[in-house]
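S.K.: quick one, what's the 3D model for this:
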Amino acid sequence: MTAFRTLDGVDLKGKRVLVRVDLNVPMADGKVTDDTRIRAVAPTIGEIAGKGGKVILLAHFGRPKEGPDSKLSLKQVVPALSDVLGRPVAFAEDCIGEKAASAVAAMQTGDVLLLENTRFRKAEEKNEPDFVDALAKFGDVYVNDAFSAAHRAHASTEGLARRLPAYAGRAMQKEIEALEAALGSPKRPVVAVIGGAKVSSKIDVLENLTAKVDALVIGGGMANTFLLAKGVAVGKSLAEPDLADTAKRIMAAAEKAGCSIVLPVDVVVAAEFKEGAASRVVDVGAVGPDDMILDIGPRSIDTVDAWIDKAATLVWNGPLGAFEVPPFDRATVAAAKHAAERT
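M.R.: Next up, the predicted model:
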């Protein structure tokens, strides 16, 4: 029996249901190029609408720096969302205020409404109580179906869960149950591959995993911060120097717990981050001042594959490089294929 509340048996008829989803999908020329994340949340949206609920979707898109930005508007996601759901999707040009209130008031049972990018409001990431209240007044029930954003204590995640009756959506439920199976009483060795851009977004995950897994393979931009913490120069690569001490603390905790920390030994570098950019492979100690680390190198891929081979249980979250832009997807794809061959 699950230790969290799901949609099983919940009466949603006529209720306004605020649903946090992950619609941070890749785009090109104003169109969604990969609808995987939309398809992941479609069952939850369909179930709520089918039960007579009014589905009000909350999501972020990209990392807006100074408020609203048309390039980061969720309006461009509406056509793909509607196609996947097989039903109309209304759009509100704000996530709070009169525009949002009018759109919510116009809803009928079974309707789906997408509110504008929550990160257009700085209060979202600060989890400001007034902003949480402004969102909460649009809903009777809160459902979180955005596992990828659940670790962030933002208004649309942590804040709303404390204001309204809260439930896990079907995608969230599936992820949590998989984690419980993998980390509750797993077959060992347990190997976790953790990638992504920033240490700051996964500090809690990393610290918790050091006590639960036998090896922690770190890739993506966050590996650069760990390399910095070890005194390795990373040039112009994405990194968080202010979190070097945090990385040192995580490495110390891992050593105490007997967890191996696996970092890249060679990397793919380029002078610019764009598709098809000229790149080369260098040892981690040979990254130049103008280089950007955009993927792990072939020897590092071999190391990741070797750890995958050792694993009786494998947990994976996040890419090993800047996988959105070829050829810097090479390591992620290669390691994922190797893992698939093991299953």
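S.K.: how about the helices in the protein?
M.R.: Under the criterion DSSP state H, the chain contains helices at 36-50, 78-85, 97-105, 122-126, 129-136, 160-163, 170-183, 203-209, 220-229, 244-257, 298-310, 330-342.
S.K.: which of those helices is buried the deepest?
M.R.: The highest mean neighbour count among those, using mean count of other C-beta atoms under 10 Å, belongs to helix 220-229: a mean of 25. Yep, even glycine has a C-beta here, placed from its N, CA and C like the rest.
S.K.: which one of the helices of the chain lies nearest to residue 69?
M.R.: helix 122-126 (13.0 Å; C-beta to C-beta).
S.K.: who are the packing partners of that closest one?
M.R.: helix 129-136 (3 or more C-beta pairs under 8 Å, 6 or more residues apart in numbering; DSSP states H and E).
S.K.: pop the domain breakdown of the chain in here.
M.R.: 16-173, 186-342 (automatic domain parsing).
S.K.: and these as a markdown table, adding distance to residue 3?
M.R.: Output for those, formatted as a markdown table (distance: least, C-beta to C-beta, whole Å):
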| stretch | distance to residue 3 |
| --- | --- |
| domain 16-173 | 11 |
| domain 186-342 | 16 |
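S.K.: redo those domains as JSON lines? Include mean pLDDT.
M.R.: Formatted as JSON lines, the domains of the chain follow (pLDDT from 0 to 100):
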{"stretch": "domain 16-173", "mean pLDDT": "94"}
{"stretch": "domain 186-342", "mean pLDDT": "93"}
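S.K.: which one of those domains lies closest to residue 6?
M.R.: domain 16-173 (5.1 Å).
S.K.: and the end-to-end length of that closest one?
M.R.: 21 Å (C-alpha to C-alpha, to the nearest Å).
S.K.: excluding chain neighbours, what is closest to the one residue sitting closest to the centre of the chain?
M.R.: With distances taken as C-alpha atoms, centre = their mean, the residue of the chain nearest its centroid is residue 148 (3.2 Å). In space, and not counting its chain neighbours, residue 148 is closest to residue 22: 5.0 Å by C-beta to C-beta, 6 or more residues apart in numbering.
S.K.: pretty sure that neighbour contacts residue 44?
M.R.: No: in this structure, residue 22 is not within contact of residue 44 by C-beta atoms under 8 Å, at 11.3 Å.
S.K.: any residues in contact with both of those two?
M.R.: residue 145 (C-beta atoms under 8 Å, 6 or more residues apart in numbering).
S.K.: dump the helices of the chain into TSV; add distance to residue 4 as well.
M.R.: Below are these laid out as TSV (distance: least, C-beta to C-beta, whole Å):
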stretch	distance to residue 4
helix 36-50	14
helix 78-85	25
helix 97-105	27
helix 122-126	23
helix 129-136	20
helix 160-163	11
helix 170-183	6
helix 203-209	17
helix 220-229	27
helix 244-257	26
helix 298-310	30
helix 330-342	27
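S.K.: to residue 273, which of these lies closest?
M.R.: Using C-beta to C-beta, the nearest of the helices of the chain to residue 273 is helix 220-229, at 11.0 Å.
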